[in-house]
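Participant: whatever this is, show me its structure:
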Amino acid sequence: MLLNCDLGESFGAWTMGLDQEVMPLIDMANVACGFHASDPLIMHKTLTLAKQYGVKIGAHPAYPDLVGFGRRSMKCTKDELSTMVWYQIGALQGICRPLGLNVSYVKPHGAMNNDMMANNDQLRIIMAAVHAYDPNLPLMIPISNDYAEHQAMAAEIGLRLILEAFADRAYDDTGRLVSRAKPGAVHHDASIIVAQAKSFAHKGGITSITGQWLDLPADSLCVHGDNAESVAAVARIREALGDKG
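Facilitator: Residues are numbered from 1 along each chain as shown. Next comes the predicted model:
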């Protein structure tokens with residue numbers, strides 16, 4: 001089970017996340033590409049750190065929403081969605097190249113991610129955009145009970161998916177994340193987080209918030225490095241799951 005984390009989300013003099021502390025613990029870095037956070041220098045620093053620890057690079061494209069951190073939905077045309085995805089992958093790849101690195105997958109951020117998972121037409125547009133940029137580039141999407149349908153959609157396009165799960169979030173009976181507005185949506189107890197990570201890794205699923213078993217064969221776990229508490233939880237997950245892949 002590979003661990004991924006959203007990184008490189010600082011901007012200019014504004015710092016977000018403990019990238020230096022979490023990078024040694026993860027396998028995959030989802031690097032902001034300048035639309036919701038980051039800038040060329042931050043991208044360079046993040047990629048240099050990823051290279052130091054042998055971490056795979058993922059482009060983390062978003063809606064052009066620096067003020068809202070990419071968390072606000074935008075109504076976009078097919079061409080707008082496709083080109084903003086291409087633009088951001090290209091920006092990150094442009095900084096990868098002098099470092100001898102390459103973007104190895106794509107994971108949409110925030111509202112773009114939420115919108116595509118709620119709308120199959122938008123999901124197809126983003127799938128097709130990633131495939132058009134590079135047919136060998138996988139797309140990371142959240143796993144749910146609909147994962148087989150999503151895999152079939154991707155197969156029609158010729159795209160490979162990386163199915164992502166969360167160790168620190170509760171799931172409803174449809175295999176989707178419980179809304180943060182509801183009690184119990186986010187796990188804060190490190191022992192619960194580690195137990196959920198181990199369940200995904202070793203059992204191919206978890207128990208929903210109502211106690212129903214969910215078959216969710218994820219490929220990667222998303223972890224967070226926003227504060228010292230979250231980094232400590234990542235360290236415990238890494239220890240429980242074994243050395244980096």
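Participant: low-confidence ranges in the chain?
Facilitator: Where the chain drops to pLDDT under 70, the residues are 245.
Participant: give me the residue at the spatial middle of it.
Facilitator: Lys107 (5.0 Å; Cα atoms, centre = their mean).
Participant: wait, what's in contact with that one?
Facilitator: 4, 30, 58-60, 113, 139-141, 162, 164 (Cβ atoms under 8 Å, 6 or more residues apart in numbering). C-beta coordinates here come from the backbone N, C-alpha and C atoms, glycine included.
Participant: ok, and the most crowded of the residues you listed?
Facilitator: Within these, His60 tops the neighbour count with 32 neighbours, counted by other Cβ atoms under 10 Å.
Participant: that one contacts Met28, correct?
Facilitator: No. Counting by Cβ atoms under 8 Å, His60 does not reach Met28; the two are 10.6 Å apart.
Participant: what about the nearest residue to Met1 once chain neighbours are set aside, distance to Leu137?
Facilitator: Nearest residue to Met1, sequence neighbours excluded (Cβ to Cβ, 6 or more residues apart in numbering): Ala201, at 3.9 Å. Ala201 sits 25 Å away from Leu137, going by Cβ to Cβ, to the nearest Å.
Participant: same question for Gly68.
Facilitator: 27 Å.
Participant: which one of these two has more residues nearby?
Facilitator: Set side by side, Gly68 and Leu137 show more neighbours around Leu137, with 20 against 14, by other Cβ under 10 Å.
Participant: enumerate every residue touching the closest residue to that one other than its chain neighbours.
Facilitator: Closest residue to Leu137 apart from its sequence neighbours, by Cβ to Cβ, 6+ apart: Val130 at 5.6 Å. Val130 makes contact with 85, 89, 106, 137-139, 159, according to Cβ under 8 Å, 6+ apart.
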